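Novice: no sequence for this one, just the structure:
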């Protein structure tokens, strides 16, 4: 029970990866606040600053502190060539992914500084390490932005014993990727030395490590969980 008496906020905590992360923390004794865009106690549209603020305020009202924030949100993937993408497509991903990191970090920073400890973990994608997939320019651009702010925050917040890291999943078959071309999973599997695709539980295990005391001196890192597909 490594996380007894710890308060965890999982943004996107009702999705495939987010649910697995939330379940893993609960299995280790944590109090987990599962954010959703439209259901549950911790629902909020993270594109709306007011709703984001109310979400974090509710967690702090209920628990007085926040130990870990896992940013696991994304707009739906809608594969299309760059010629068919508009600025609004890019902005949608940036508003959901990057804005959520910026604003939730601002809102939890005072609590983490008071307790002289905190963990911020951003879920990005193995595409920032390997070859960028085609027809996903808006999604990948936002993920690179999240990776950039992960490194910047890691440097600025280390003096408060707040670590900021990223985890990059390989291709995962889920509702999130259901609109990808039918052969995407087959191609991903053929390029994965481990012989299997990534599953949400693979990501959850790494997130728990980064949130633990054992990872207290690990910050500004991006751990790729993709079975060797980016080698």
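Specialist: It's in. Just so it is clear, the model here is predicted, and its values are computed rather than measured. Numbering: from 1, shown residues only.
Novice: surely residue 225 is in contact with residue 171?
Specialist: No. With contact defined as CB atoms under 8 Å, residue 225 does not reach residue 171; the gap is 11.1 Å. Yep, even glycine has a C-beta here, placed from its N, CA and C like the rest.
Novice: for this protein, what are the low-confidence residue spans?
Specialist: Filtered on pLDDT under 70, the chain yields the residue ranges 173-183, 185-186.
Novice: quick one, strands of it?
Specialist: Assigned by DSSP state E, the chain shows strands spanning 7-11, 31-34, 68-71, 118-123, 162-169, 222-225.
Novice: can you say which of those is nearest to residue 80?
Specialist: When the strands of the chain are compared by CB to CB, strand 162-169 sits nearest residue 80, at 21.9 Å.
Novice: which residues touch that closest one?
Specialist: 17, 109, 112-113, 117-129, 146-147, 150, 153-154, 157, 198, 202-203, 206-207, 210, 215-216, 218-226 (CB atoms under 8 Å, 6 or more residues apart in numbering).
Novice: buried ones only from those, please, as a PyMOL command.
Specialist: Here is the PyMOL command that selects the buried residues among those (16 or more other CB atoms under 10 Å):
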select buried, resi 17+109+112+117+118+119+120+121+122+123+124+125+126+127+128+129+146+147+150+153+154+157+198+202+203+206+207+210+215+219+220+222+223+224+225+226
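Novice: just the ones of the contacts of strand 162-169 in helices?
Specialist: Among these, the members found in helices (DSSP state H) are 17, 109, 112-113, 146-147, 150, 153-154, 157, 202-203, 206-207, 210.
Novice: which residues are common contacts for residue 225 and residue 171?
Specialist: Counting by CB under 8 Å, 6+ apart, the shared contacts of residue 225 and residue 171 are 126, 198.
Novice: dump the strands of the chain to TSV, plus distance to residue 96.
Specialist: Shown next, in TSV, are these (distance: least, CB to CB, whole Å):
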stretch	distance to residue 96
strand 7-11	10
strand 31-34	17
strand 68-71	10
strand 118-123	12
strand 162-169	16
strand 222-225	20
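Novice: the ones you listed: which one's closest to residue 49?
Specialist: Checking the strands of the chain against residue 49 by CB to CB gives strand 7-11 as the closest, at 14.4 Å.
Novice: about what we covered before: of the ones in helices among the contacts of strand 162-169, which pair is most distant in space?
Specialist: 113 and 202 (31.9 Å).
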